[in-house]
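J.: Quick one, what's the 3D model for this:
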Amino acid sequence: MTAFAEEGPAYVKYDNTNAIVDPTNPADPDYLIRIPGAINFTDENRSIKTPISMVTPDGDVYEGDKQALVKVESSNTTSYSLKSESGNDQIDYKLLYEKEDGELKTMADGNEFGTIGVLSSSRTSIDGKAVLGQDKAKLQEVYSDILYFVVNEYTPVEE
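T.: Here you go, the predicted structure:
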């Protein structure tokens, strides 16, 4: 007696990102921009990867015609810093994103929504990282910041 068998994959995922929908069609988006869901520094883990990516609503690689300009700003508008709960201490950090030439660009302190870059079907992801400064916490408190990512439709300027 011969036994027949079929096999198939079972995909297992863990997604700790947040998503911003296509601003031109939020009710039925053509794409989502995935941003970091959280950045949790520790004394042992002072550099955290913070990539952003453009995907379809199903999570597949985006292959459409739209382009999205992605910007970011810290809630601490004078610098990228983690503030203590009491507001009496802070620890600076840097937020860096890869430019098209591969160089890392630091988001400027006090920058009103620093430009990360443009995502499209030809560039569906931008690598980034957050790096905690060398200062140590002076207080036994939680230090925090909130990053605001903004996505706008991008239309290249015709020359």
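
J.: From now on I want contacts and neighbour counts done on CA atoms only, so please keep to that.
T.: Fine.

J.: Just the pLDDT for the residue nearest the centre of the chain.
T.: The centre of the chain sits closest to Ile35, judged by C-alpha atoms, centre = their mean, with a distance of 3.3 Å. Here the pLDDT value assigned to Ile35 is 97.

J.: I'd say it and Asn18 touch.
T.: Yes: with contacts counted by C-alpha atoms under 8 Å, Ile35 reaches Asn18, the gap being 5.3 Å.

J.: any weak-confidence spans in the protein?
T.: 1-2, 77-78, 109-113, 159 (pLDDT under 70).

J.: So in it, which strand runs the longest?
T.: strand 90-98 (DSSP state E).

J.: What is that one packed up against?
T.: Contact partners of strand 90-98 among helices and strands, from 3 or more C-alpha pairs under 8 Å, 6 or more residues apart in numbering; DSSP states H and E: strand 81-84, strand 104-106, strand 128-132.

J.: can you list those in CSV and add distance to Asp58 and mean neighbour count?
T.: Conversion of the helices and strands packed on strand 90-98 to CSV gives the following (distance: least, C-alpha to C-alpha, whole Å; neighbours: other C-alpha atoms under 10 Å):
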stretch, distance to Asp58, mean neighbour count
strand 81-84, 34, 21
strand 104-106, 30, 15
strand 128-132, 23, 20
